[in-house]
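>>> could you look at this predicted model? Sequence included:
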Amino acid sequence: MRKKPVQLQLTEYISWLLKKYQEVKKELETRQSYRITNIEYDSSGRAKIKIHIVGTGKEITFTPEELVCDDKMLEGFSRKDVRTITYYACNDLSKPKYKIVTTTLCENLKKMLFGIKEFGVDEISQKTAEEISANRSIISNISPEDAHCVGYVCGSENILREHEEKMKLK
């Protein structure tokens with residue numbers, strides 16, 4: 001039996017080693033680095049995703065929007081987790097940015113005052129139905145139910161004002 005020359009053996013060994021290196025590299029690239037462990041909602045109703053960093057035992061929390069914007073991080077999730085993150089990011093985008101939290105009657109103005117809360121902001125601002133209707137930013141970013149209520153109150157106030165003006169003219 002004839003032995004192969006040392007150079008040929010070395011070449012074959014290096015070739016085998018490179019092939020194994022590429023296999024390991026490919027496996028590491030496809031391995032998941034992150035997993036979703038829990039999805040919670042904060043006080044404003046926005047989703048917060050808890051993420052487990054595989055191999056460390058650490059958990060960190062992100063909003064779906066933060067995760068969707070980070071391509072490198074998304075690559076570390078499974079396809080199912082990426083779908084879940086995208087779903088919550090789109091779901092949060094479709095939620096109204098404002099919510100009517102209070103309604104009070106202002107007897108001096110003879111108008112209803114609405115307490116409007118913007119998500120992510122703790123402050124509640126007071127506005128009349130006319131002010132809300134005139135502000136496209138607010139009216140287009142509240143729920144349909146709140147917009148209906150504002151429109152109804154605005155229409156009712158205008159009818160009452162017209163009725164009072166007619167009475168003054170008589």
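Yep, it's here.

>>> does residue 40 touch residue 50 like I think?
Yes: the criterion here is CB atoms under 8 Å, and residue 40 meets it with residue 50 at 7.0 Å. For every residue, glycine as well, the C-beta is placed using N, CA and C.

>>> these two - which one has more neighbours?
Legend: neighbour count by other CB atoms under 10 Å for residue 40 and residue 50, higher for residue 50 (14 against 10).

>>> doesn't residue 34 make contact with the more buried one?
No: with contact defined as CB under 8 Å, residue 50 does not reach residue 34; the gap is 10.6 Å.

>>> now the strands: where do they sit in the chain?
When secondary structure is read from DSSP state E, the chain shows strands at 34-41, 47-53, 58-62, 98-106, 111-118, 124-128.

>>> export these as JSON lines, with columns for mean pLDDT.
Formatted as JSON lines, those follow (pLDDT from 0 to 100):
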{"stretch": "strand 34-41", "mean pLDDT": "92"}
{"stretch": "strand 47-53", "mean pLDDT": "92"}
{"stretch": "strand 58-62", "mean pLDDT": "93"}
{"stretch": "strand 98-106", "mean pLDDT": "91"}
{"stretch": "strand 111-118", "mean pLDDT": "92"}
{"stretch": "strand 124-128", "mean pLDDT": "92"}
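
>>> columns distance to residue 76 on top of these, output as JSON lines?
Formatted as JSON lines, the strands of the chain follow (distance: least, CB to CB, whole Å):
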{"stretch": "strand 34-41", "distance to residue 76": "5"}
{"stretch": "strand 47-53", "distance to residue 76": "9"}
{"stretch": "strand 58-62", "distance to residue 76": "12"}
{"stretch": "strand 98-106", "distance to residue 76": "35"}
{"stretch": "strand 111-118", "distance to residue 76": "33"}
{"stretch": "strand 124-128", "distance to residue 76": "40"}
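
>>> residue 161 is nearest to which of the ones you listed?
Each of the strands of the chain has some distance to residue 161 by CB to CB; the shortest is strand 111-118, at 9.3 Å.

>>> so where is this protein shaky, pLDDT-wise?
Confidence mapping of the chain against pLDDT under 70 gives the ranges 1-6, 27-31.

>>> how far away is residue 82 from residue 162?
Distance of residue 82 to residue 162, computed by CB to CB, to the nearest Å: 56 Å.

>>> neighbour count winner among these two?
Neighbours were counted for residue 82 and for residue 162 using other CB under 10 Å; residue 82 has more, 16 against 10.

>>> measure that one to residue 8 for me?
Residue 82 sits 47 Å away from residue 8, taking CB to CB as the criterion.
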